[in-house]
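Engineer: Quick one: sequence and predicted model below, then my questions.
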Amino acid sequence: MKTTYIIKRLLPYLTKHKKIIILDILCALFMAVSNMFAPLIVRHITNAENLTMELIMSAAAIYVAGIAGTSLAKFYMTHMGNVFGARVETDMRFDLFKHLQKLSYSFYSENSIGQIMSRLTNDLTDSASFVHIVPEQLLVAVGTIIISFIILIKINIALTLVVFGFLPIVFFVTKYFNHRMRVTMKEQRVQVGEINSQAEDTLSGIRLVKSFTNEQAETDKFAERNNLYLKIKSKTFLQLAGFRTTTSTVGGVVYLSVVVLGAIFMLNGKILAGDYAAYLLSITTLWQCVGTLVNFTEQFQRGMTGIERFVELMDIKPEIIDKPNPKTLTGDESSIEFKNVSFKYKDAGDYVLKNISFKINKGENVAFVGPSGGGKTTLINLIPRFYDVTDGAVLIDGCDIRDLKISAVRKIIGIVQQDVYLFSGTVYENIVYGRLDATREEVIKAAKKAGAHEFISALDNGYDSYIGERGVKLSGGQKQRISIARVFLKNPPILILDEATSALDNESERLIQESLEQLSKGRTVITIAHRLTTIQNADKIMVLTPNGIEETGTHGELMNRRGIYYNMQMAAERSRFCSNDSPMA
């Protein structure tokens, strides 16, 4: 990205704090002026023809006043400058988090959480330093250089031209190393994201790692990424070392030139001793500012790469968005229709679904079965618009869901997914997530319907028991029942169960099935199941294969047809018989 574009995107976050910025700029300019107090005072005292105590005390008073003003300016810049940077960082992080929630499922399937977290945390922390430290340093340094030039040109034109003649070399070196540092710093940030991703994967799946005794394999993978990070960072340090060494060498040459030429000019009477002393002090201050600009370059590139990665994410447009003036829902909609629906994932060659058409009437309990990879989960993900169809249309009560407000569509749909996700917190907090304004009594009622109340009550703190990261303190069946209770609390007219009872034991499954039958009255229920026993009472069963919907009917009708569904039932029964008949049973 061009630097001008990145700065343009950053400006709205800066202009929100105009008063702080204006005062910060004034303080920086004052510090630039105060940097020249000492050389001018030394010159004034040294060149004085009639040096008196009064002159010395007056000069000292002016210098003390300058120190006091500089201290106040520095205090403000350190305090409010950092506050300003923190405010900008907070605003950017909030906007990024809000934007991330708008992005579609496809974004998260293509990007690791570790990389996203790196951009949300580390990158923005460096950005906060950038927005106040870099402008302050730039103003003080550039201001000092300009003021120095004005003062020094009046003292001795030749010496000044010699000194400032070296500055183009410094700027050329800065430009040369700038691009290289920016590239390596961005590579460095990407690699930090990779390290975060692998650490998150390994630690989240620590049980699996330990069960397969693969700790060494994970350590080796981490070491590889960690060493690559070191290699990239070493490249950054190499560029930085070359940059600082070159500018330091140029500074040494400049100072030597001033010392020698100034001494020759003084020898020939072309410069006074006081002017020579002031010149040496001014050059020291001036080159300190050039050194500041060198450090500024490093911070500038570190901050710019962080902001660039922020802008990259903010520029990603959500694929699933509301149309202008979307239609509203009454809240009682529940019939679903697929009209010639075809779907394939982004950048994928083959269609997952091809020309799928069916209708589910209000109040029907419909089940989808079929082999893995047939598109069952993909199909139900199209209903709440987690993905948009490639061709055709999905209708709710005859209205294309793309014409409806997304939040309204998802509000009338409850989903219990195959992969249970619980937030770190209490049992109560995880269930009430289904409807945040629900009362405690309603939460308990939902838990009872899901068959979860009994085991929740047996926990040490009941509904206020902490369940750990992703519910690690609970069994698979307990986690599944809490997730089901969450949907019971939402009480939507459309209920989607994606292998909802797959992690339950037989007794819990029986309790859930009884609750689902009660909940199904007057509602539309869509079930995806591998356990065919759970869907035998469905009003309609659809067999979905890679070829499409090949069979439709009730359990009895499909069994009499002796087709795909019949063969699936026979295979399931043989599997159960072999399991029960085995010596290990």
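Structural biologist: Thanks, I have it.
Engineer: Which residues outside whichever helix or strand Ile456 is part of are in contact with it?
Structural biologist: Ile456 is part of helix 453-458, with elements assigned from DSSP states H and E. For helix 453-458, the external contacting residues (C-beta atoms under 8 Å, 6 or more residues apart in numbering) are 427, 444, 447, 462-463, 465, 478, 481-482. Backbone N, C-alpha and C define where each C-beta goes, glycine included.
Engineer: one more time with 6 Å, if that's ok
Structural biologist: Helix 453-458 is touched from outside by 427, 447, 463, 478, with contacts defined as C-beta atoms under 6 Å, 6 or more residues apart in numbering.
Engineer: Then stretch 112-132?
Structural biologist: 81, 84-86, 88-89, 92-93, 96, 192-193, 196-197, 200, 302-303, 306-307, 309, 313.
Engineer: Now, the residues you listed that are in helices?
Structural biologist: 81, 84-86, 88-89, 92-93, 96, 192-193, 196-197, 200, 302-303, 306-307, 309, 313 (DSSP state H).
Engineer: His555 contacts Gln536, doesn't it?
Structural biologist: Yes. At 4.4 Å, His555 and Gln536 qualify as touching, with contact defined as C-beta atoms under 6 Å.
Engineer: more crowded one of these two?
Structural biologist: More crowded of His555 and Gln536, by other C-beta atoms under 10 Å: His555, with 17 against 13.
Engineer: check contacts around that one.
Structural biologist: Gln536.
Engineer: Show the pLDDT at it.
Structural biologist: Note on His555: pLDDT of 90.
Engineer: for Glu298, same thing?
Structural biologist: With respect to pLDDT, Glu298 has a value of 67.
Engineer: how deep is Met559 tucked in, by neighbour count?
Structural biologist: The tally of other residues near Met559 (other C-beta under 10 Å) stands at 15.
Engineer: Can you tell me the SS state at it?
Structural biologist: Following DSSP: H, G, I helix; E, B strand; the rest coil, we place Met559 in the helix state.
Engineer: tell me the contacts of it?
Structural biologist: Met559 is in contact with Tyr566, counting by C-beta under 6 Å, 6+ apart.
Engineer: Tell me the spacing between it and Ala571.
Structural biologist: Using C-beta to C-beta, to the nearest Å, Met559 is found at 13 Å from Ala571.
Engineer: Would you map the strands across this protein?
Structural biologist: In the chain, the segments counted as strands under DSSP state E are 336-343, 353-360, 365-369, 391-396, 399-400, 413-416, 494-498, 524-528, 540-545, 548-553.
Engineer: Now render the ones you listed as a markdown table, adding mean neighbour count and distance to His17.
Structural biologist: Shown next, in a markdown table, are the strands of the chain (neighbours: other C-beta atoms under 10 Å; distance: least, C-beta to C-beta, whole Å):
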| stretch | mean neighbour count | distance to His17 |
| --- | --- | --- |
| strand 336-343 | 18 | 47 |
| strand 353-360 | 18 | 51 |
| strand 365-369 | 23 | 54 |
| strand 391-396 | 19 | 46 |
| strand 399-400 | 16 | 45 |
| strand 413-416 | 23 | 42 |
| strand 494-498 | 23 | 46 |
| strand 524-528 | 23 | 51 |
| strand 540-545 | 21 | 56 |
| strand 548-553 | 17 | 58 |
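Engineer: pLDDT weak spots in the stretch 451-585 of the chain?
Structural biologist: Residues of the stretch 451-585 of the chain meeting the criterion pLDDT under 70: 500-509, 511-512, 515-516, 518-520, 575-585.
Engineer: which stretches of it form helices?
Structural biologist: For the stretch 451-585 of the chain, the helices defined by DSSP state H, counting those that start in this stretch cover 453-458, 476-490, 506-519, 555-561, 564-581.
Engineer: circling back: now do the buried residues in the helix holding Ile456.
Structural biologist: By 16 or more other C-beta atoms under 10 Å, the buried positions in helix 453-458 come out as 453, 455-456.
Engineer: which one of these is nearest Ile7?
Structural biologist: When the buried residues of helix 453-458 are ranked by distance to Ile7 (C-beta to C-beta), Ile456 comes first, at 53.7 Å.
Engineer: excluding its backbone neighbours, what's nearest the closest one?
Structural biologist: Leaving out its chain neighbours, the residue that sits closest to Ile456 by C-beta to C-beta, 6 or more residues apart in numbering is Val427, at 5.4 Å.
Engineer: Count residues in the vicinity of the one you found, would you?
Structural biologist: Val427 has 27 nearby residues by other C-beta under 10 Å.
Engineer: okay, among the contacts of helix 453-458, which ones form the most distant pair?
Structural biologist: For the contacts of helix 453-458, the maximum inter-member distance is 13.1 Å, found between Tyr463 and Gln478 (C-beta to C-beta).
Engineer: returning to that earlier point: quick check: the residue nearest to Ile456 vs Leu459, distance?
Structural biologist: Distance from Val427 to Leu459, by C-beta to C-beta: 7 Å.
Engineer: sorry, back to before: just the buried members of the contacts of stretch 112-132?
Structural biologist: By neighbour count, with 16+ other C-beta under 10 Å, the contacts of stretch 112-132 hold 81, 84-85, 88-89, 92-93, 96, 192-193, 196-197, 302-303, 306-307, 309, 313 as buried.
Engineer: what do Val427 and Leu459 both touch?
Structural biologist: Ser465.
Engineer: Find the nearest non-adjacent residue to Gly242, please.
Structural biologist: Nearest residue to Gly242, sequence neighbours excluded (C-beta to C-beta, 6+ apart): Phe177, at 6.5 Å.
Engineer: do Thr15 as well
Structural biologist: Nearest residue to Thr15, sequence neighbours excluded (C-beta to C-beta, 6+ apart): Ile21, at 8.0 Å.
Engineer: Give me the number of neighbouring residues for the one you found.
Structural biologist: 18.
Engineer: cool, and His17?
Structural biologist: His17: 19 neighbours (other C-beta under 10 Å).
Engineer: distance of it from Ile431?
Structural biologist: 41 Å.
Engineer: Over to Gln480?
Structural biologist: Taking C-beta to C-beta as the measure, Gln480 falls 13 Å from Ile431.
Engineer: ok, now Val260?
Structural biologist: Counting by C-beta to C-beta - Val260 and Ile431 are separated by 82 Å.
Engineer: Would you check that Pro318 makes contact with Leu103?
Structural biologist: Yes. Between Pro318 and Leu103 a contact is recorded at 5.3 Å, counting by C-beta under 6 Å.
Engineer: and these two? which has more neighbours close in?
Structural biologist: Remark: of Pro318 and Leu103, Leu103 carries more neighbours, 17 against 14, as counted by other C-beta under 10 Å.
Engineer: sorry, back to before: mind putting the strands of the chain into CSV with distance to Leu139?
Structural biologist: As requested, the strands of the chain are exported to CSV (distance: least, C-beta to C-beta, whole Å):
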stretch, distance to Leu139
strand 336-343, 55
strand 353-360, 60
strand 365-369, 65
strand 391-396, 57
strand 399-400, 56
strand 413-416, 54
strand 494-498, 58
strand 524-528, 62
strand 540-545, 66
strand 548-553, 67
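Engineer: what about the stretch 201-350 of the chain, any weak spots by pLDDT?
Structural biologist: 204-205, 207-208, 210-212, 291, 293-298, 330-333.
Engineer: again, only this time at 90
Structural biologist: 201-310, 312-313, 316-335, 344-350 (pLDDT under 90).
Engineer: for this structure, which helix is longest?
Structural biologist: The residue-count maximum for a helix in the chain (DSSP H) belongs to helix 215-267.
Engineer: Which strands or helices does that one pack on?
Structural biologist: When contacts are defined as 3 or more C-beta pairs under 6 Å, 6 or more residues apart in numbering; DSSP states H and E, helix 215-267 sits against helix 157-165, helix 167-204, helix 273-314.
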